[in-house]
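1. Quick one, what's the 3D model for this:
(chains A and B)
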Protein chains: 2
Amino acid sequence: MSERLSEETRALLLAPLIENGWHPVEGRDAIAKTYEFATFVDAFGWMTRVALWAEKWNHHPDWRNVYNRVEVELTTHDVGGLTARDAKLARKMDTLAG
Amino acid sequence: MSERLSEETRALLLAPLIENGWHPVEGRDAIAKTYEFATFVDAFGWMTRVALWAEKWNHHPDWRNVYNRVEVELTTHDVGGLTARDAKLARKMDTLAG
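-> Residues are numbered from 1 along each chain as shown, chains lettered A, B, ... in the order given. I've put the predicted structure just below:
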């Protein structure tokens, strides 16, 4: 079961993500990042790999793709804010982006 | 080579799409539609099939996915408006959505 991150855990989990280009979303308890790839094939190939993990973990991103760009937003709708599951998926996205 | 649709061609090409749930986008020469599927697997599976056609035709959508929903917007950036390529991809999307 997921619960919203406490201030302490939040700082610990988010710091490395912020360093990797993630940023808090204004007005909502969510984090966002825009990935840019060389081509559509690269962008959608990455999305496909992320999709398999998202489904496996039953935690799905809000994402928008335009050609070689993917804008991602993560939050945990069940609890109305960030949980450890968002940090986990964000980390996986970064790893898969190489 | 694509060119922007004339008024006459536009009416002919867009009518069946409008009937299928596509609508003009306010303030831009583009069309949009929101698809709703049963699950994320269905939504992303459909996106994957569309992606192969989009790449084959070198014409890519602006699309946003949240779980079982996909919001699509089509236009032809090269010419700053709708072309026959948008109508073709829209039709393919509808066919693939079954």
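2. Doesn't residue A:58 lie inside a strand?
-> No - applying DSSP: H, G, I helix; E, B strand; the rest coil, one finds residue A:58 to be coil, outside a strand.
3. quick one: contacts for it?
-> Contact criterion CB atoms under 8 Å, 6 or more residues apart in numbering or on different chains gives no residues in contact with residue A:58. (Each C-beta comes from the backbone N, C-alpha and C, glycine too.)
4. Neighbours of residue A:29, how many?
-> Here the number of neighbours of residue A:29 (other CB atoms under 10 Å in any protein chain shown) works out to 17.
5. can you check residue A:54 too?
-> Counted by other CB under 10 Å, the residues lying close to residue A:54 total 20.
6. Touching, it and residue A:86? I think so.
-> No - Residue A:54 is not in contact with residue A:86 according to CB atoms under 8 Å; the separation is 11.3 Å.
7. Just grab the bridge partners of residue A:64 for me.
-> According to DSSP bridges, the partner residues bridging residue A:64 are residue A:71, residue B:64.
8. The residue of chain A found nearest chain B and residue A:89, how far apart?
-> For chain A, the residue positioned closest to chain B under CB to the nearest CB is residue A:64, at a distance of 4.0 Å. Shown here: residue A:64 relative to residue A:89, a distance of 16 Å by CB to CB, to the nearest Å.
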